[in-house]
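> After the sequence you'll find the predicted model.
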Amino acid sequence: MSRVGIVACQVLERELAYLLNMNDDINVVSLRRTDQNRRFSNMLENKEIVYVNDPCFLRINCPGTEVHVEIMPAALHTDLQELEVQCHEMVDLIKQNCNSILLFFGLCGNALKSVFYREDARIVPISDENGNLVDDCIVASLGKEQYMDNLRKTGSFFLTRGWIEHWDSIVQKLEGPKREIHFKKMLEMNDYKRMLYICQGNLDSSESIGASKTLSSDMDLPLISANGRMDLFSTALSNAIKSSKERRIYKAKGSST
């Protein structure tokens, strides 16, 4: 009956896979053949995986609720302008055959504000407890209140399993091809005092927890932990599914009417 498009940050791939695996009403997941999408497909269980060269050729009518997923590279965090451009392009690519699009990101320093507020597609965000767009994936993982509590303890560098798994690709971009400045030095310059690992139950692994300990040691920062949450992610997916079943008329991109 409907198809939900999902444009997701690679840092949040495991949260998204967990939600899709837990949703028995979604049986079909379509993806394009990219390295990020193929990696993500290996995290899915009991789902029919359909690979497409072009989402424009997805069937118009779905027998049930389907999702089309596009995982965006984690390293895009290092270039917010490029992140904005690529997310706009992805919405353009999939909007025609998706009834709603879940943007599985935060605002990312307001880089994605223009994407969230597009009027030519039905964009569904991750929202905090107060119904506001989350600032970033850390707010989505902790909730606004707990995030602000930890932020007041100045100097916390937040980590999740996703950040750990994609650490190398992100840091290599930040340090530059010639490693002009080491990431440890960046942390020192910004007065970070600790690393805070957000535990998310079934999403964690002994490898990711071990890697967080190694990373904190390499950066000469003590490691603390906090319990995360999944309800903001889950609510966002539910809202996207609900929205995909509603009728709505959109303005053409760039239209002033």
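Perfect, I can see it now. These numbers come from a predicted model, not from an experiment.

> quick one, domains of this protein?
Per automatic domain parsing, the structural domains of the chain span 2-134+231-244, 144-227.

> Let me know which of those domains is tucked in deepest.
Highest mean neighbour count of the domains of the chain: domain 2-134+231-244, a mean of 18 (counted as mean count of other Cβ atoms under 10 Å). No exception for glycine: its C-beta is placed from N, CA and C like everyone else's.

> Can you get me the start-to-end distance on that domain?
Using Cα to Cα, to the nearest Å, the span of domain 2-134+231-244 from its first residue to its last is 6 Å.

> returning to what we had before: in a markdown table, list the domains of the chain along with mean pLDDT.
Listed next are those as a markdown table, based on pLDDT from 0 to 100:
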| stretch | mean pLDDT |
| --- | --- |
| domain 2-134+231-244 | 95 |
| domain 144-227 | 89 |
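
> Hmm, residue 69 and residue 37 touching each other?
Yes. Assessed by Cβ atoms under 8 Å, residue 37 is found in contact with residue 69 at 6.7 Å.

> Please enumerate the shared neighbours of these two.
Counting by Cβ atoms under 8 Å, 6 or more residues apart in numbering, the shared contacts of residue 37 and residue 69 are residue 31.

> Going along the chain, name the strands of the stretch 101-250 of the chain.
All strands of the stretch 101-250 of the chain, identified by DSSP state E, counting those that start in this stretch, fall at 123-124, 156-159, 194-199, 223-227.

> Residue 185 is nearest to which of the ones you listed?
For the strands of the stretch 101-250 of the chain, proximity to residue 185 was assessed by Cβ to Cβ; strand 156-159 is nearest, at 13.5 Å.

> Run through the neighbouring helices and strands of that closest one.
Contacts defined by 3 or more Cβ pairs under 8 Å, 6 or more residues apart in numbering; DSSP states H and E place strand 156-159 against strand 194-199.

> how does it look with 10 Å?
helix 137-142, helix 144-152, strand 194-199, helix 206-218, strand 223-227 (3 or more Cβ pairs under 10 Å, 6 or more residues apart in numbering; DSSP states H and E).

> May I see those arranged in CSV, with distance to residue 165 as well?
Formatted as CSV, these follow (distance: least, Cβ to Cβ, whole Å):
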stretch, distance to residue 165
helix 137-142, 13
helix 144-152, 21
strand 194-199, 13
helix 206-218, 7
strand 223-227, 17
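
> gap between residue 222 and residue 150?
Per Cβ to Cβ, to the nearest Å, residue 222 is found 14 Å from residue 150.

> Sorry, wrong one. I was asking about residue 183.
21 Å.

> go on, residue 173?
According to Cβ to Cβ, residue 173 stands 26 Å off from residue 150.

> follow-up on the earlier one: got CSV for the strands of the stretch 101-250 of the chain, with distance to residue 143 too?
Converted to CSV, those look like this (distance: least, Cβ to Cβ, whole Å):
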stretch, distance to residue 143
strand 123-124, 19
strand 156-159, 13
strand 194-199, 11
strand 223-227, 10
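
> Would you mind saying which of these lies nearest residue 58?
So among the strands of the stretch 101-250 of the chain, strand 123-124 is nearest, using Cβ to Cβ, at 18.5 Å.

> any idea how far residue 123 is from residue 134?
Distance, residue 134 to residue 123, by Cβ to Cβ: 14 Å.

> For the closest residue to residue 76 other than its chain neighbours, give me phi and psi.
Excluding its sequence neighbours, the residue lying closest to residue 76 (Cβ to Cβ, 6 or more residues apart in numbering) is residue 83, at 4.2 Å. Main-chain dihedrals, residue 83, degrees, to the nearest 10: phi -60, psi -50.
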